[in-house]
Every structure is written in C-alpha cells, then in structure tokens.
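Trainee: Dropping the sequence and predicted coords here.
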Amino acid sequence: MSIYLGIETSCDDTGIAILKDNNIICEKLLSQEDIHAIFGGVVPEIASRNHLESMPILFMEALKESSLAPEDIDVVCVARGPGLMGSLLVGLGFAKGLCLSLDRPLVGVNHLHAHILACLIESKIEFPALGLLISGGHTQIYRVHDPIKFELLGKTLDDAVGEAFDKTAKLLNLPYPGGKYIDTLANLASPDPKMFPLPYIDNDNLDFSFSGLKTAVLNFLNNHPQIRLKKMPTKLDIEQIKDIAPMLCKVCSSFNHSVAKTLVIKFERALKKIKGVKSLLIAGGVAANSIIRNYFLDLGNKYSLPVYFPDKRFCTDNGVMIANAGKILYENGYIHPIDIDAIPRGKPIPFDYLKVKKQ
Ligand code: KG4
Ligand code: ZN
C-alpha cells in the first residue's frame, strides 16, 4: 500500500491530490478562472504568483483533511510540462523540496498523457487504445499501446480546440473560459450544419486546424452583428438568454456541431488506420462537452468499441490525474532524478526516467 501525492500547476489551476493506491483520499483544486477572466485569457505571471501563494495552503489542508503527516507520503508526482514555465516551476520546486526533505522518490508526469490516463481513474481499460486529447492548449490523437507508451498520430496545426471554443465565446461576448457557456447555450437550440464549415477535413492526414472555423464565425458575426451579446455578463442568466437571444444559441449549437463532427471525422480516420484498438479514450477540458461526448458515444456504437471519458471534474486540469499517472509510472519502476527540468509548451517531453526495480 503506497500513498501518492499529485501536484498540478501547469496553467491556472492549482491542484493537489492524495491517492492511497487506487483510492482518492483527498482532492483540492483552486481555479484562478475569475482572476484571469477580466483579461480574457491566462496572464502567466499572475498565474505563477497565485500558485506560489496557494500551493502550501492547499497542501496543508489536504494533509489535515486526510489525517496524514508529510512523512506518510510515499511518492511525490508532479506535472513537469508542457505548460506555462513560471507555473510549472512553482509545482516542480515544491515537489523537489518535499522529496529532498522527506527522502522520497519524485515522478515527473507528462501533463498530456495524464489527461488521457484520467480515463483510468474510475474504469478498467483494455489496451491498445486510441486516445483523443482535447484541451485548452492541445488537440492530439494518440495510439496508446499501454499506459506508459504513447505514440502521437496527429495534432493541431494552429489553435487547440479549447482555444477555438474560448475565442468563439469571446467573439460572442461570453465570459472566459467560454467552452462551458457555449456547451450550455448549444443545448438550447438545434444546429444548422450549414452555418459553419468542417475545418481541414479535405486531406488524408490526422492533423487538425481550427483557425478557419474561428474566421468563419467572425465573418458570420460581422454579417449578423446583432447576435453577439452587447456587453459581456459576469454571470449568465441561461433562462433569459434562451428567450432573448435564440440566434446566439443557434450559433453556439452550430459551432459545437462543426467542432464535434470534425473531431469525429479525424478520429474515425485514425481508427481505420490502426489495427487492434480495444478502447477509445476521450480526455482534456473539452471532453466535458456534452455534445462532443454524444458524438463519440455514437462512434463507439458504430464500431462496437467502449468509449471512456474521465468524470467531468477530471477533464479539466486537476491533481488527481497527476497522482494517477505518477502512480502508474512508479508501479512500472519509473522515477526521476531530482534535477529534472520543467518543459514549456511547444517542446517535446523527454522520456528521461530512471528505471528502478519494481517495489
Ligand atoms: O484541459 P484544460 O483544463 O486545460 C489545458 O490543459 O489546456 O482545458 C481547458 C479548456 C478551456 O478551453 C475550456 O473552455 C474548455 O476546456 N472547456 C470546455 C468545456 N468545459 C471546459 N469546452 C467545451 N465544452 C465544455 N463543457
Ligand atoms: Zn490540461
């Protein structure tokens, strides 16, 4: 029986979790959403300063709630990238300090793999699997040979899918991060499949490009300026919007349809190329989207394959997914030397573990 600490600070969420083997003992998450909302996006320096303030407080609260002492932690797992450099350094610095003072192993976790592995938190999954990561920073298709071995098959060439949601929301004058508001409003209208294109599908590759869709929304709104909200509300009154802005709901629904259909088309293309896939794993913040979930459930039915999504609270960044991925690595004998580096967004994450004998 081992106790794993998970630390997540790659963007604007400070996450701490404690796992006792497969059981979640405690999970703590402090979102900085409201702080960054007024800027319409994450301000890196503000994000790292807030992590620095929150991290020790959340850690002490987590220990108290779990009736544990620092010495009870057996393994320290931390997101080492990709992410905002300043934010990652806060989590990694905290993790290294703990490892040095407690003499415990450190496991640096690939944040992207951790998103996909979040599908395993509450489900037993058969491998090989095909994975789709749809988050605020990434859109990627992976062949997941097993929980350790990931092979990248396709990625976005420009905006990540979450970025497309958030930028579209901004055009509509919806608050940041807008994905969840688009999701809510989209469910209040039926989509017009002709309103927006399915971007970058007329090719035979597995990459994505969402910038054209964003431009299509912009052009549509320039031709119909009355659709966007006059002023960005701090809180959305959904019932009121449904009545006063039905076209806004229609735009959200049509945009959400275009994104979901595009994701399914490319993912199905990957599925046809890869033999022997036993499970479909859909993860990342955008995997919380209700319409995208339904489209992928339909795809699973079509191929008689099980589709797994993390619970919605494990779709967006959180400490549990880091503890979970770190636990899997540790159980397979992978740990890091104390001098591991944080890896910023855009750089590949090296597989630079020390292989130790399985405990
Ligand atoms: O995975 P995540 O927390 O951050 C990264 O690691 O990048 O994902 C955040 C993204 C944001 O773009 C947010 O708008 C989007 O996930 N998101 C959603 C929904 N909930 C969160 N997008 C569409 N529908 C949702 N329900
Ligand atoms: Zn993430």
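Mentor: That came in fine, so what should we check first? Ligands and ions are numbered 1, 2, ... in the order given.
Trainee: so what secondary structure elements neighbour the helix ranked longest in the chain?
Mentor: Counting by DSSP state H, the longest helix found in the chain is helix 246-273. With contacts taken as 3 or more Cβ pairs under 8 Å, 6 or more residues apart in numbering; DSSP states H and E, helix 246-273 sits against strand 129-134, strand 139-144, strand 150-155, helix 161-171, helix 179-186, helix 211-223, helix 238-244, helix 290-303. (C-beta placed from N, C-alpha, C; glycine too.)
Trainee: The stretch 1-150 of the chain: helices as residue ranges?
Mentor: Along the stretch 1-150 of the chain, counting by DSSP state H, counting those that start in this stretch, helices occupy 33-37, 44-66, 85-102, 111-117.
Trainee: Nearest to S253 among those would be which one?
Mentor: Within the helices of the stretch 1-150 of the chain, the stretch nearest S253 is helix 33-37; the backing value is 23.7 Å (Cβ to Cβ).
Trainee: Buried residues in that closest one, which are they?
Mentor: Applying a neighbour-count criterion of 16 or more other Cβ atoms under 10 Å, one finds H36 buried in helix 33-37.
Trainee: quick one on the thing from earlier: possible to save the helices and strands packed on helix 246-273 as a markdown table with distance to ligand 1, mean neighbour count and mean pLDDT?
Mentor: Formatted as a markdown table, the helices and strands packed on helix 246-273 follow (distance: least, Cβ to the nearest ligand atom, whole Å; neighbours: other Cβ atoms under 10 Å; pLDDT from 0 to 100):
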| stretch | distance to ligand 1 | mean neighbour count | mean pLDDT |
| --- | --- | --- | --- |
| strand 129-134 | 8 | 27 | 98 |
| strand 139-144 | 10 | 23 | 98 |
| strand 150-155 | 13 | 17 | 98 |
| helix 161-171 | 3 | 24 | 95 |
| helix 179-186 | 2 | 23 | 95 |
| helix 211-223 | 13 | 15 | 95 |
| helix 238-244 | 14 | 12 | 76 |
| helix 290-303 | 7 | 16 | 98 |
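Trainee: could I get these as CSV with distance to G284?
Mentor: Output for the helices and strands packed on helix 246-273, formatted as CSV (distance: least, Cβ to Cβ, whole Å):
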stretch, distance to G284
strand 129-134, 4
strand 139-144, 8
strand 150-155, 13
helix 161-171, 7
helix 179-186, 11
helix 211-223, 18
helix 238-244, 24
helix 290-303, 10
